[in-house]
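Colleague: curious how this folds, go ahead:
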Amino acid sequence: MKKTLLVAGLTSLLATSAMAETIGATIARFDDNWLTVMRNAMVDHAAGLDGVELQVEDATDDVGKQLNQIQNFIASGVDAIIVNPVDTDATVAMSNAAAEAGIPLVYVNREPVNVNELPENQAFVASNEIESGTLESFEVCKMLRAAGKAGGANVVVMMGQLSNQAAVQRTKDVHDVVGIDMCNFMTIVEEQTANWSRVEAQDLMTNWLSAGVEFDAVIANNDEMAIGAIQAMKAAGMDMSDVIVGGVDATADALQAMQDGDLDVTVFQDAAGQGAGAVDTVLKLVAGEDVDKKVYIPFQLVTADNIESFLGEN
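Modeller: Got it, this is the predicted structure:
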């Protein structure tokens, strides 16, 4: 009887140990509102799973620091790694390091440059950026037409970090929309990066206004830059009803700006869904389950007409 109980106890202990998984996660920056929602969702989701321990690090927008964090995760023997990359061009080195160590890795939100050649046990969880910039830009086009600007409208574009695939794709989406017959009345008169930053966008817009740039719409790669642009325009005494402003993410601040009548369009990117999805996907890889290389969570257009459905989501 004692031998039976001992064997049963060891079996139970081994089963419990086998279920315990440690995940190391490195996030590009903690001071970004949208990424904070995503990070918190990862933490909360992992906390609700038995035997899962999640360690989250802030890369502070420093690619060297992020590479060191990944190496430290590997050295400490984590079972899996989640990366929200600072620089998507650096993801080949990250993938190689994890693959050589035999540790599953999932990229979240920002598409790795090697997404189509990811090693085994690696995947990408995000939303399809072709949808984001396209939905935003086409809605701006429709709004300009409705405002009687189909005879010609000037547009300024605020880009995210140029090392980031999302910024590149969203900006390409703007150009693609401007190129279609229905929207070719739009002319891009300025296009510069504000690095996803509200503060930098405010400064950039202030510079454009000081230089006498005239425009009918602002298309920003994210909400933070759209809000920065709005702050600068309001400080300059502009009437926000005279300009169409678009962003991406549907953050809480952006939706408040929309309710205030300052922001006209944004695109809901499910921060919580991506965060929880990254945890679920990496755990499936650890368990040896089949996982799609690209796990997409759809974008959704947000305007004043449907804003109520998105309040409190991001």
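Colleague: for Thr26, give me its contacts.
Modeller: Val56, Glu57, Asp58, Ala59, Gln66, Gln69, Ile70, Phe73, Ile81, Ile82, Val83, Asn84 (CB atoms under 8 Å, 6 or more residues apart in numbering). Just so you know, the C-beta spots here come from the backbone N, C-alpha and C atoms, and that holds for glycine as well.
Colleague: of all pairs in those residues, which one is the farthest apart?
Modeller: Asp58 and Ile81 (15.3 Å; CB to CB).
Colleague: between the two, who's got more neighbours?
Modeller: Ile81 (24 against 17; other CB atoms under 10 Å).
Colleague: which residues touch that one?
Modeller: 23-26, 70, 73-74, 98, 103-106, 282.
Colleague: mind redoing it with 7 Å?
Modeller: Gly24, Ile70, Phe73, Ala98, Ile103, Leu105 (CB atoms under 7 Å, 6 or more residues apart in numbering).
Colleague: pLDDT weak spots in the stretch 201-314 of the chain?
Modeller: By pLDDT under 70, the stretch 201-314 of the chain contains no weakly predicted segment.
Colleague: for it, what spans make up the helices?
Modeller: Counting by DSSP state H, counting those that start in this stretch, the stretch 201-314 of the chain has helices at residues 223-235, 252-259, 271-286.
Colleague: same for the last one, what does it pack against?
Modeller: Secondary structure elements in contact with helix 271-286, counted by 3 or more CB pairs under 7 Å, 6 or more residues apart in numbering; DSSP states H and E, are strand 21-27, helix 33-47, strand 80-84, strand 105-108, strand 122-126.
Colleague: which stretches in the stretch 51-200 of the chain count as helices?
Modeller: Under DSSP H, counting those that start in this stretch, the stretch 51-200 of the chain gives helices at 63-76, 91-101, 129-146, 165-178, 198-210.
Colleague: which pLDDT value goes with Gly9?
Modeller: At Gly9, the pLDDT value in this model is 40.
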